[in-house]
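1. Dropping a prediction and its sequence here:
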Amino acid sequence: MAVLLLRLAGPMQAWGVKSRFTVRATELAPTKSGVIGMLASAVGRRRTDPIEDLLRLRFGVRKDQPGTVIRDFHTARSLDGKDSMPLSERYYLTDAVFLAGIEGDEALLQGLDEAVKHPVFPLYLGRRSCPPTQPVSLGLRDASLYDALREEPWLASPWFRRRRRHSAFRAELLLDLDAVPADAHTGALRGSRDVPASFDPRRREYGFRQVERLEVPVTAPADKPSSSADNHDPMADVEEAAQCS
């Protein structure tokens, strides 16, 4: 068994589980259905294609930068402009960075890793309006899902890390229950209806899974200065002025 790690970051993300009609909510972390759908898109599967092999993968996510929920009051009209579509409220996560991991057969994960780097269909973070920043794939790790998510360096943006440089940051970890080692259980369980039995728009079906919540300390990666890198930080002067006021 191996683990494929994914960096899920972008200006906006939206991971719906309970969205209905004119209110499109978002979860506070990537869902298993959303990530499985992204992987299926990467390998070129259509919504009616089988996904049983992907459903056998264990899933977990670490909140390296939780982000902020925003609301978009959404209006739309038909292409000819004559008809108004129903008004809707759509919620998004902004400025969020997540580390997601999937555990399974190494050969399958190697194919998924290559597909994410060269996707057949465009990748997006829950909704088509939410493209990811690069890189998405961080490659394979020879470790358990729990250990891989616990040991990977902190992926948060530099500005977010600076705000927490005086205190240790403990990241929230959400794991499939059967991926948590026996000596690490916290008892903080919840059910999540985000296991996609079918993406077919004619009969979308989702099942439940048990998710356990943990907290793990994370370590910032060592800075690697580069003579060719642009080290200009447009927020540095603003932060310095705020500290002096």
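-> Structure's in. What do you need?

2. Pull the distance from the strand ranked longest in the chain to the chain's centre.
-> For the chain, the strand with the greatest residue count under DSSP state E is strand 88-104. For strand 88-104, the distance from its own C-alpha centre to the chain's C-alpha centre is 4 Å (C-alpha atoms, centre = their mean, to the nearest Å).

3. helices or strands next to that strand in the packing?
-> Packing contacts for strand 88-104, counted by 3 or more C-beta pairs under 8 Å, 6 or more residues apart in numbering; DSSP states H and E, involve strand 2-13, strand 23-24, helix 32-43, strand 58-65, strand 68-74, helix 145-151. C-beta here means a position set from N, CA and C on the backbone, and glycine is covered the same way.

4. buried residues in it?
-> 90-93, 95-104 (16 or more other C-beta atoms under 10 Å).

5. Please identify which of those residues is nearest to residue 200.
-> Nearest to residue 200 among the buried residues of strand 88-104 is residue 102, at 22.2 Å by C-beta to C-beta.

6. which stretches of the chain have low pLDDT?
-> Scanning the chain for pLDDT under 70 picks out the ranges 19-21, 166, 222-245.

7. quick revisit: can you redo the helices and strands packed on strand 88-104 as JSON lines with mean neighbour count and distance to residue 202?
-> Output for the helices and strands packed on strand 88-104, formatted as JSON lines (neighbours: other C-beta atoms under 10 Å; distance: least, C-beta to C-beta, whole Å):
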{"stretch": "strand 2-13", "mean neighbour count": "22", "distance to residue 202": "27"}
{"stretch": "strand 23-24", "mean neighbour count": "15", "distance to residue 202": "20"}
{"stretch": "helix 32-43", "mean neighbour count": "22", "distance to residue 202": "16"}
{"stretch": "strand 58-65", "mean neighbour count": "23", "distance to residue 202": "26"}
{"stretch": "strand 68-74", "mean neighbour count": "12", "distance to residue 202": "25"}
{"stretch": "helix 145-151", "mean neighbour count": "21", "distance to residue 202": "33"}
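
8. Secondary structure element holding the residue nearest to residue 60 when sequence neighbours are not counted?
-> Distances taken as C-beta to C-beta, 6 or more residues apart in numbering put residue 175 closest to residue 60, at 4.0 Å, once the chain neighbours are dropped. Per DSSP states H and E, residue 175 falls inside strand 170-176.

9. Given the helix or strand that comes right after that strand, what are its sheet partners and their directions?
-> Scanning forward in sequence from strand 170-176 by DSSP H and E, the next helix or strand is strand 189-198. Next to strand 189-198 in the sheet, as set by DSSP bridges, lie strand 205-217 (antiparallel).

10. So which of the helices and strands packed on strand 88-104 is nearest residue 209?
-> For residue 209, the closest of the helices and strands packed on strand 88-104 is helix 32-43, at 6.7 Å, according to C-beta to C-beta.

11. Need the contact partners of that closest one.
-> For helix 32-43, the surrounding residues in contact (C-beta atoms under 8 Å, 6 or more residues apart in numbering) are 6, 8, 15-17, 49, 51, 54-55, 57, 59, 61, 100, 102, 111-112, 115-116, 119-126, 176, 192, 194-196, 199, 206, 209.

12. same deal with stretch 55-64?
-> 8, 28-30, 32, 35-36, 96-104, 108, 145-146, 149, 152, 154-156, 171-176, 178-179, 195-197, 216, 218.

13. Counting neighbours, what do you get for residue 87?
-> Using other C-beta atoms under 10 Å, residue 87 is surrounded by 10 other residues.

14. tell me how far the ends of stretch 200-211 are from each other?
-> End-to-end span of stretch 200-211 (C-alpha to C-alpha, to the nearest Å): 25 Å.
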